[in-house]
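> sequence isn't available, so here's the structure alone:
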């Protein structure tokens, strides 16, 4: 997979033509002229430790996926079918790689969100499609994620306190409290709180999971199952869940693009300055042209080029590290379930208790509590991120469809005027309203159908069926909008061909699963 290149990064930033200009005492970057502000950009440190400290959208993307798909779907596959579905994990991670990477590439190359690019299509139909499927995910998808997090807390509370209290608290109460808490924190915070929660949860989950795995590791022979294609009867929904939500749904690439823009580094930070200087065109969502999203980086000052390339490199490794860690954790959970749970139905409200038995039987009761805390960190961060991500997408679609919303765009509370907060049609208020709608609708579904495994698998399958369309557009707009001569940002030959191969594979698998479910035409053993 192609490296994000920083062709000039070895050059000394202290050389006369590339030296950064420090603001004088009392000055800020905003008070400098456009040329001075570009020269004053601080280049990020590219040492490994410093790079990790700059990570954000990639880790959020990882933790959005590590939750229901890993904590419930992977153990369900291992418990019901042992190693038969292990092939799904590398297939999902390898063939979905560029669907996500293109989102990071586009935002770093243009300083804009992919949502803006979608708005250049005929009659803006991709925006309507994305908004409709996102609203649906806000209901069904969030119900699946929220019930999974509630199931972890339900079992943990029952294990620790129910005997002493003499009663159990219904799982629906945990779901309501968790959902309300997430929405309350998000409405009072901004992008930074999403990034902070994701990093803390990621570290705790990875350490606890890997530790338990190596207490009693399986034979190396299990690797063979990565290469054995099998579809046992009754496995279609789990396969769809794997391919839909490992590492997470392709639709989350659009959220990652919005998060990358919200981080305000690299091209996302200087795009406005470039427009003022005439080095980039202003994009009008109501006279949308793809060429207006393009940035010819060869026209930028050398220092600004290095600045953008370095942040692109950081963004790529942010995503790649998250992708690798997510793959490892998915494999660990399926393997542990195959060893300690198979054969097991893995269903019902006590699903987390069944999965926690992996840890009880492998390392004892003490570490089971640690697993449950780690599992809660993972499922909570998934719910938390989705409560932010899906409303961001609805708001972003509206700012590119409705002129009134475009005139009051933005969701960062620190940058909003009183009008942004008072007008119901502002992007900020649409973002807030969608978040509250998601909470209420998800809770209504949970109260009516509190079946964690089924809800998670249905939500996963829904994400899988919309993936090919979003995958195609992510690749298409990168190829159309990023200049071919821009070797740092334009996808390599391998990336281009492998992207379309991946799209073909995913579309084919989607067709197979639809035939099996809708038309009862089973292939490969069904």
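That came through fine. This structure is a prediction, so every number in the text was calculated from the model and none was measured.
> for the most centrally placed residue in the chain, which residues are in contact?
Centroid check for the chain by C-alpha atoms, centre = their mean gives residue 61 as the closest residue, at 2.7 Å. Counting by C-beta atoms under 8 Å, 6 or more residues apart in numbering, residue 61 makes contact with 100, 247-248, 252-253, 255-256, 259, 319, 322. Just so you know, the C-beta spots here come from the backbone N, C-alpha and C atoms, and that holds for glycine as well.
> if you rank the residues you listed by neighbours, which is first?
residue 248 (32 neighbours; other C-beta atoms under 10 Å).
> from residue 85, how far out is it?
Going from residue 248 to residue 85 by C-beta to C-beta, to the nearest Å gives 18 Å.
> I figured residue 316 hits residue 101, correct?
Yes. The pair residue 316 and residue 101 qualifies as a contact (C-beta atoms under 8 Å) at a distance of 7.2 Å.
> show me which of the two is the more surrounded one.
When residue 316 is set against residue 101 and neighbours are counted by other C-beta under 10 Å, the residue ahead is residue 101, at 27 against 20.
> excluding its backbone neighbours, what's nearest the more buried one?
Once flanking residues are discounted, residue 101 sits nearest to residue 319: 6.3 Å by C-beta to C-beta, 6 or more residues apart in numbering.
> still on that earlier bit, tell me the secondary structure at the residue nearest to the centre of the chain.
When classified by DSSP: H, G, I helix; E, B strand; the rest coil, residue 61 comes out as helix.
> likewise residue 484?
Assigned by three-state DSSP, the conformation of residue 484 is coil.
> need the contact list for it.
residue 490.
> gap between it and residue 478?
Applying C-beta to C-beta, the value for residue 484 to residue 478 is 11 Å.
> okay, and the common contacts of these two?
Common neighbours of residue 484 and residue 478, counting by C-beta under 8 Å, 6+ apart, are residue 490.
> per-residue pLDDT, residue 256?
Here the pLDDT value assigned to residue 256 is 93.
> quick one on the thing from earlier: relative to residue 58, how far out is the residue nearest to residue 101?
4 Å.
> shared neighbours, these two?
104, 256.
> give me the helices and strands touching the helix or strand harbouring residue 98, please.
Residue 98 belongs to helix 97-110 when assigned by DSSP states H and E. Counting contacts by 3 or more C-beta pairs under 8 Å, 6 or more residues apart in numbering; DSSP states H and E, helix 97-110 is packed against helix 57-65, helix 114-118, helix 252-263, helix 267-276, helix 302-340, helix 452-481, helix 493-518.
> distance from the shortest one to the middle of the chain?
What separates the centre of helix 114-118 from the centre of its chain is 17 Å, taken as C-alpha atoms, centre = their mean, to the nearest Å.
> ok, stretch 151-159 next?
Centroid separation between stretch 151-159 and its chain, computed with C-alpha atoms, centre = their mean, is 26 Å.
> could you point out which of the helices and strands packed on helix 97-110 sits nearest residue 393?
When the helices and strands packed on helix 97-110 are compared by C-beta to C-beta, helix 252-263 sits nearest residue 393, at 5.5 Å.
> for residue 307, grab the count of nearby residues.
Using other C-beta under 10 Å, residue 307 is surrounded by 26 other residues.
> got a list of what the residue nearest to residue 101 touches?
Counting by C-beta under 8 Å, 6+ apart, residue 319 touches 57-58, 61, 100-101, 104, 256.
> buried set for the helix or strand harbouring residue 148?
In this structure, residue 148 sits in helix 142-157 according to DSSP H and E. Going by neighbour count (16 or more other C-beta atoms under 10 Å), the buried part of helix 142-157 is 142-157.
> got it, and stretch 304-315?
Of the residues in stretch 304-315, 304-315 count as buried by neighbour count, 16+ other C-beta under 10 Å.
> any idea how far residue 500 is from residue 491?
11 Å.
> compare these two (neighbour count), which wins?
Between residue 500 and residue 491, counted using other C-beta under 10 Å, the more crowded position is residue 491 (20 against 16).
> right, and that one touches residue 477 too?
No. Using C-beta under 8 Å, residue 491 is not in contact with residue 477; the gap is 11.3 Å.
> okay, angle between the helix or strand residue 243 falls within and helix 302-340 too, please.
Under the criterion DSSP H and E, the helix or strand holding residue 243 is helix 236-245. Helix 236-245 runs at 160 degrees relative to helix 302-340, counting by axes from the mean of the first three to the mean of the last three C-alpha atoms, to 10 degrees.
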